[in-house]
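Any chance you could fold what I've pasted below:
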Amino acid sequence: MARFSALTGRTAALAAVLALLSAPVLAGAPKPEIPRGKGDQCVEPTEVMRRHHMNFILHQRDETMHRGIRTKKHSLAECINCHVPKAEDPARQVHADSPKHFCSSCHTYTAVTIDCFGCHSDVPQETGVAKEDLVVPVHGSAPALDLEQEAARMVQAGGKAE
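Down below sits the predicted model:
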């Protein structure tokens, strides 16, 4: 009987600790503040971008790196140019290691590591690519995918990339 009582006491203590640890979640922990972009609307609906932005970035990477096709619509540089304000004083520029940076605001909240900025700039840059500018595929063998059609297909498929 003493053994049962000790086990019950430990179970109660464990339940109390778990309740204390989950209290911030149940209390509605503060959500990240997401800075608004410069334009009137994003290249995709907000909910689509929140859920599938990484698919778009990876698709854009593949188009650029493997096929030599550069467009602005889903490029990381254009996301940064639109969503990260450029400071007039470079010493006051917000970088990816700051929780106020557009990308870091959500990635810190969700505990997702961002490795993009080891190579890419985390501040607005002049990209030099016109909206209508497309580069012919490097080897000419791979057909270019229409990113707008790909985005629509992903939305219809529930966001699953093939």
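
what is the rounded mean pLDDT of stretch 64-74?
Averaging pLDDT along stretch 64-74 yields 88.

buried residues in that stretch?
Residues 67-72, 74 are the ones in stretch 64-74 that count as buried (16 or more other Cβ atoms under 10 Å). (C-beta placed from N, C-alpha, C; glycine too.)

Can you give me the pLDDT of P99?
Value listed for P99 in the pLDDT field: 85.

what's the answer for A151, then?
For A151, pLDDT reads 67.

and if you look at the one 3 residues further on?
According to the prediction, M154 has pLDDT 68.

Please apply the same query to the one 4 residues further on.
On pLDDT, G158 comes in at 67.

Then D89?
92.

Quick check: phi and psi at it.
phi -100, psi 110 (degrees, to the nearest 10).

Could you check how far it is from S105?
Remark: distance between D89 and S105 (Cβ to Cβ, to the nearest Å) = 21 Å.

Show me this structure divided up by domain.
Split into domains by automatic domain parsing, the chain comes to 1-30, 32-156.

Those domains: lowest mean pLDDT?
domain 1-30 (a mean of 63).

So which of the buried residues of stretch 64-74 are in strands?
Secondary structure from DSSP state E places none of the buried residues of stretch 64-74 in strands.

I'd like those residues laid out as JSON lines, including distance to T11.
Output for those, formatted as JSON lines (distance: Cβ to Cβ, whole Å):
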{"residue": "R67", "distance to T11": "59"}
{"residue": "G68", "distance to T11": "62"}
{"residue": "I69", "distance to T11": "60"}
{"residue": "R70", "distance to T11": "60"}
{"residue": "T71", "distance to T11": "58"}
{"residue": "K72", "distance to T11": "58"}
{"residue": "H74", "distance to T11": "51"}
